[in-house]
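Undergrad: Requesting a structural model of the entry that follows:
(4 chains)
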There are 2 protein chains.
Amino acid sequence: MGRGRVQLKRIENKVNQQVTFSKRRSGLLKKAHEISVLCDADVGLIVFSTKGKLFEYATDSCMERILERYERCSYVERQLKAPALESPGSWNLEHAKIKARLEVMQRNQRHYMGDDLDSLSLKNLQNLEHQLDGSLKKLRSRKVCFV
Amino acid sequence: MGRGRVQLKRIENKVNQQVTFSKRRSGLLKKAHEISVLCDADVGLIVFSTKGKLFEYATDSCMERILERYERCSYVERQLKAPALESPGSWNLEHAKIKARLEVMQRNQRHYMGDDLDSLSLKNLQNLEHQLDGSLKKLRSRKVCFV
DNA sequence: AAATCTATGTATAAGGT
DNA sequence: TACCTTATACATAGATT
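TA: Prediction:
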């Protein structure tokens, strides 16, 4: 693309990386939208920049719907892979969905409590640290109201 | 692209749609991977074909990680948007229980994120602060392992 | 840092096998 | 149906402003 060949490796120059990110991000979102419309596909695209900013595209602007569908889908797969451990009975889809969400939240919560950190990469840890720091700041400014 | 101009509308011919889907899907996945590597971005891409088949790409092949991060980022918004998924019908006890747990966790999570603090007493705030402080300590000692 | 400009590399729509 | 081929449209790297 463009005047130079591109090597598939991290762009070290921060400025170039940021420019390329911006250009390619818009291209990627556009193509996600195109395949969604042209091929009647359900698409969810989540992109976090290096600095942690979120960009997203979802068919019909409803990421929630896509993620629920994804969770249902991967939940079902998990069910098929590990059969008799779980539900023998007649579970409906709604239940599977809500159960999958609960599982995700439980894992999140353990992380918020500083547990199960072994499963997180350095980058994840940094994100979490940033989140917790922010929470503490908010909390402390709230405490002031009680003084 | 290719020999014809493309109009951004659903391809009605099923065969063409399927062919285009297959080509564009691989292109999209490739570009998702490229931006992930080149720009050190965290990318999650979910695509369901018309027929419901799932295709996905995630940085480091870990979609759950991306989705957790996404949930952390957009959780509060999603709560506000999707309040009443209530079903008045015949839910069994198991479902009711699991749903209640989810609600509790959702409220907790907002607190962990430093939101909805108005509903907490000073004592609760102090407990939460202590918890978050502890989490950060654990997290930072875990980070040391990466140095 | 953001917007615009082009030369060039890629993706892909049609068509062929 | 699925895989080649190729002409063309599109995306974008690097430069410029």
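
Undergrad: Pretty sure A:D116 sits against A:R107.
TA: Yes - A:D116 is within contact range of A:R107, at 7.0 Å (criterion: C-beta atoms under 8 Å). The C-beta positions use only the backbone N, C-alpha and C, and glycine is treated the same way.

Undergrad: Keeping just the C-alphas, turn stretch A:29-38 into PDB.
TA: Taking Å, rounded to 0.1, in the frame of the first residue of the first chain, the C-alpha atoms of stretch A:29-38 are listed here in PDB:
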ATOM      1  CA  LEU A  29     -14.100   0.100  10.100                       C
ATOM      2  CA  LYS A  30     -15.200   0.900   6.500                       C
ATOM      3  CA  LYS A  31     -14.600  -2.600   5.300                       C
ATOM      4  CA  ALA A  32     -16.400  -4.000   8.300                       C
ATOM      5  CA  HIS A  33     -19.400  -2.000   7.400                       C
ATOM      6  CA  GLU A  34     -19.200  -2.900   3.700                       C
ATOM      7  CA  ILE A  35     -19.100  -6.700   4.300                       C
ATOM      8  CA  SER A  36     -22.000  -6.300   6.800                       C
ATOM      9  CA  VAL A  37     -24.100  -4.500   4.200                       C
ATOM     10  CA  LEU A  38     -23.100  -6.400   1.000                       C
END
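
Undergrad: didn't A:G52 look like it was pressed against A:H130?
TA: Yes - look at A:G52 against A:H130 with C-beta under 8 Å: they come within range, at 7.0 Å.

Undergrad: So which of these two has more stuff around it?
TA: Using other C-beta atoms under 10 Å in any protein chain shown, the more surrounded residue of A:G52 and A:H130 is A:G52, with 14 against 11.

Undergrad: of all the residues in chain A, which ones are close to DNA strand C?
TA: For chain A, the residues in contact with DNA strand C (C-beta under 7 Å from any atom of the strand) are A:1-6, A:15, A:18, A:22, A:31.

Undergrad: now the residues you listed: which count as buried?
TA: A:K31 (16 or more other C-beta atoms under 10 Å in any protein chain shown).

Undergrad: Tabulate the residues of chain A next to DNA strand C (a markdown table), appending secondary structure and distance to B:L120.
TA: Below are the residues of chain A next to DNA strand C laid out as a markdown table (DSSP: H, G, I helix; E, B strand; the rest coil; distance: C-beta to C-beta, whole Å):
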| residue | secondary structure | distance to B:L120 |
| --- | --- | --- |
| A:M1 | coil | 52 |
| A:G2 | coil | 53 |
| A:R3 | coil | 57 |
| A:G4 | coil | 55 |
| A:R5 | coil | 56 |
| A:V6 | coil | 51 |
| A:V15 | helix | 44 |
| A:Q18 | helix | 39 |
| A:S22 | helix | 40 |
| A:K31 | helix | 45 |
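
Undergrad: Widest-spaced pair of the residues of chain A next to DNA strand C?
TA: Across the residues of chain A next to DNA strand C, no pair lies farther apart than A:V15 and A:K31, at 24.9 Å, counting by C-beta to C-beta.

Undergrad: Give me the pLDDT value at A:D115.
TA: With respect to pLDDT, A:D115 has a value of 85.

Undergrad: and the gap between it and B:H111?
TA: Distance, A:D115 to B:H111, using C-beta to C-beta, to the nearest Å: 17 Å.

Undergrad: repeat for A:V37
TA: 40 Å.

Undergrad: got it, and A:R110?
TA: Per C-beta to C-beta, A:R110 is found 15 Å from B:H111.

Undergrad: quick one, which of those two is more surrounded?
TA: Using other C-beta under 10 Å as the criterion, A:R110 and B:H111 rank with B:H111 on top: 21 against 13.

Undergrad: Tell me which helix or strand comes right after the worst-scoring helix or strand of chain A on mean pLDDT.
TA: Scoring the helices and strands of chain A by mean pLDDT, DSSP states H and E places helix A:63-81 at the bottom, with a mean of 75. Sequence-wise, the next helix or strand downstream of helix A:63-81 (DSSP states H and E) is helix A:93-112.

Undergrad: So for chain A, the centremost residue is which one?
TA: A:I46 (6.1 Å; C-alpha atoms, centre = their mean).

Undergrad: any idea what it is structurally, helix, strand or coil?
TA: strand (DSSP: H, G, I helix; E, B strand; the rest coil).
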